[in-house]
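A.B. asks: next comes the sequence, and after it the predicted model I'd like to discuss.
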Amino acid sequence: MSSKDAPGVRLATNRAGALRPVVVMPGRLGDLLDGPAEVPAAAAAILVGDLCLDSRTAEPGDLFVALSGVHAHGASFAAEAVAQGAVAVLTDAVGGDLVGPVGVPVVVCADPRAAMAAAAARLFGEPTSGLAMFGVTGTNGKTTTTCLVAAGLEACGVRTGVVGTLGFRVGPTTLASSRTTVTTPEAHDLQGLFAVMAANGAAAVTMEVTSHALVLERAAGVRFDVAGFTNLGRDHLDYHGTMEAYFEAKARLFTPEMTTTAVLNADDAAGQQLIRRLREAGEVPVVTYGYDPVDDYRLMEWRPDGGGCRFTVRRGGRDLEVRLALPGEYNARNAVLALAMIEAGGFDGAVAAEGLRCATVPGRMEPVPLGPDAPYAYVDFGHTPQAVAAALGAVPAPRVAVVGAGGDRDPAKRGPMGAAAAEAADLVVVTDDNPRTEDPAAIRAAIRAGAEPVAARLGHRVVEVAPREAALAFALEAAAPGESVVVLGKGHETTQLLADGPHPFSDAAVLREAWQRLQRAGG
């Protein structure tokens, strides 16, 4: 391992670039896998220093976990991992037949993902046992809610680690690393990350828990003190297949094995389904939030306030006035969820609310100041129909929306995304998002097919402009001073994924550069 210290933070990285504590005491294979897998007596005393999934990043002392993949089984690469120093292999029955003689013990079990998670937690000293754990799932709002929980906990004097789409941090310090997944790391890297956070003073962790992570057991072995649910909308059906399967993936978080207390959105149909299910089972206490007077946390008197909003939260007959720096009713909902989670975790909501006053979230309705006589410009990560509608509804009309859709991802949501944009925006600029390996023109056509009938009905306009840089400049030129330009889809991202790979691209930076060019041209 190589040391890689951020200011005020001690950490290390393995060959894959994943975060690890500076010191990790090796564990006996038999102890690490006791219960999830049966280890031959002759192999029980083998010392394991880390776990790896990729044979190319195996290091001496690693346990190589060979999982079934989309294109190949990891067991096919076991010999390569052993050649680089792996001391044992963990796999399933199929992998056991594939691995062949590799010169190290091969442990076969029914669920190697769960076994990997348990082994990692043991190797890194059960790091979550000393942390207050907060998890957030749902289609939209996970990142914002996670950041708001962290802001509230920090206001309460609780040093907090954050795990999510925006990366990893402890308190104000970002932890730079190579990541195994976009949002929720694989179980062995997640446990290593928790250990880093605990070693650097974190008393709590707030994290996004995706549907992929739940299905793939990346969060196995983690027990959350409080888990929150934002909403369920159309997304990731290329992976889950149906909305029912997508819902059940999210619902895995709200089981007694994973969560002590659930905080659920009573205004969302899927939230209502979870509330009924959990109350009937009687195993996980439920806290509800929404607009209904019967909800435990009732959102009241929401109103815009400058660039943010104000609202009242009524809970237990007590009212809490909240000022939020983020615009939009949906962000008020996210804040109510955050406050309910914080209080469910035993912390002071009134103190936490002070921490929300100035909290911002990169790429989530993030304002991009352009100067005097400019439109109001925002960048947002919204990439579902619901998120598009919510983002545009958060700013005053007239509105210009720049919208695209990712390639190699759920194609059926593209038309509904276009329709949602055309419903709310006076002008919809259809462009490229991250086309990846797909034909960008075909993606744009699918968005326009959804947008144009709605725009025609409402008297709105739809234009297609590519590449994305040109679309952002077009949107700024089309907007009058004081009007709203909302650039959707990429938010905080700093690259654009094209067929030949990633290219540097920041919506916020491109907006600023385009405005400067327009100003020079106008001068």
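C.D. replies: Structure received. Residues are numbered from 1 along each chain as shown.
A.B. asks: from now on I want contacts and neighbour counts done on CA atoms only, so please keep to that.
C.D. replies: Will do.
A.B. asks: quick check, pLDDT for residue 463.
C.D. replies: Residue 463 is assigned 98 on the pLDDT scale.
A.B. asks: okay, and the nearest residue to it once chain neighbours are set aside sits in which element?
C.D. replies: The shortest distance from residue 463 to any non-neighbouring residue, by C-alpha to C-alpha, 6 or more residues apart in numbering, is to residue 429 (5.1 Å). Assigned by DSSP states H and E, residue 429 belongs to strand 427-430.
A.B. asks: so which elements touch that strand?
C.D. replies: Strand 427-430 sits against strand 399-403, helix 440-458, strand 461-464, helix 468-478, with contacts defined as 3 or more C-alpha pairs under 8 Å, 6 or more residues apart in numbering; DSSP states H and E.
A.B. asks: redo those as CSV? Include mean neighbour count.
C.D. replies: Below are these laid out as CSV (neighbours: other C-alpha atoms under 10 Å):
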stretch, mean neighbour count
strand 399-403, 27
helix 440-458, 19
strand 461-464, 18
helix 468-478, 20
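A.B. asks: now for these, which one comes closest to residue 101?
C.D. replies: helix 440-458 (46.6 Å; C-alpha to C-alpha).
A.B. asks: what sits up against the closest one?
C.D. replies: With C-alpha atoms under 8 Å, 6 or more residues apart in numbering as the test, helix 440-458 has contacts from 404-405, 407, 414-423, 428, 430-432, 435, 461-462, 464.
A.B. asks: can you list the domains in this protein?
C.D. replies: Residue ranges for the domains of the chain, per automatic domain parsing: 25-113, 127-356, 366-522.
A.B. asks: tell me which of those lies nearest to residue 17.
C.D. replies: From the domains of the chain, taking C-alpha to C-alpha, the stretch that ends up closest is domain 127-356, at 4.7 Å.
A.B. asks: quick one: terminal-to-terminal distance for that closest one?
C.D. replies: 28 Å (C-alpha to C-alpha, to the nearest Å).
A.B. asks: tell me the mean pLDDT for that domain?
C.D. replies: Per-residue pLDDT over domain 127-356 has a mean of 93.
A.B. asks: repeat for stretch 113-121
C.D. replies: 95.
A.B. asks: what is the distance between that stretch and the centre of its chain?
C.D. replies: On the basis of C-alpha atoms, centre = their mean, to the nearest Å, stretch 113-121 sits 22 Å off its chain's mean C-alpha point.
A.B. asks: hmm, who's touching it?
C.D. replies: If you take C-alpha under 8 Å, 6+ apart as the criterion, stretch 113-121 is touched by 32-33, 36-37, 50-51, 65, 67, 109, 127, 187-188, 191-192, 216-221.
A.B. asks: can you do 6 Å?
C.D. replies: 32-33, 36, 187-188, 191, 220-221 (C-alpha atoms under 6 Å, 6 or more residues apart in numbering).
A.B. asks: what's the next secondary structure element after the helix or strand encompassing residue 274?
C.D. replies: Assigned by DSSP H and E, residue 274 falls within helix 269-281. The helix or strand immediately downstream of helix 269-281 is strand 286-290, counting by DSSP H and E.
A.B. asks: does residue 51 touch residue 65 like I think?
C.D. replies: No. Using C-alpha atoms under 6 Å, residue 51 makes no contact with residue 65, being 7.0 Å away.
A.B. asks: what is the burial count for the residue nearest to residue 463?
C.D. replies: Per other C-alpha atoms under 10 Å, the neighbour tally for residue 429 reads 26.
A.B. asks: quick one: closest of the domains of the chain to residue 11.
C.D. replies: domain 127-356 (6.2 Å).
A.B. asks: off-centre distance for that closest one?
C.D. replies: Centre-to-centre, domain 127-356 and its host chain are 11 Å apart (C-alpha atoms, centre = their mean).
A.B. asks: now, the contacts of stretch 113-121 that are in helices?
C.D. replies: If you go by DSSP state H, the contacts of stretch 113-121 have 32, 187-188, 191 in helices.
A.B. asks: rebuild these as TSV, extending it with neighbour count and distance to residue 58.
C.D. replies: As requested, the ones in helices among the contacts of stretch 113-121 are arranged in TSV below (neighbours: other C-alpha atoms under 10 Å; distance: C-alpha to C-alpha, whole Å):
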residue	neighbour count	distance to residue 58
32	24	18
187	28	16
188	25	13
191	31	18
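A.B. asks: so can I have TSV of the residues you listed showing distance to residue 134?
C.D. replies: Shown next, in TSV, are the ones in helices among the contacts of stretch 113-121 (distance: C-alpha to C-alpha, whole Å):
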residue	distance to residue 134
32	26
187	17
188	19
191	15
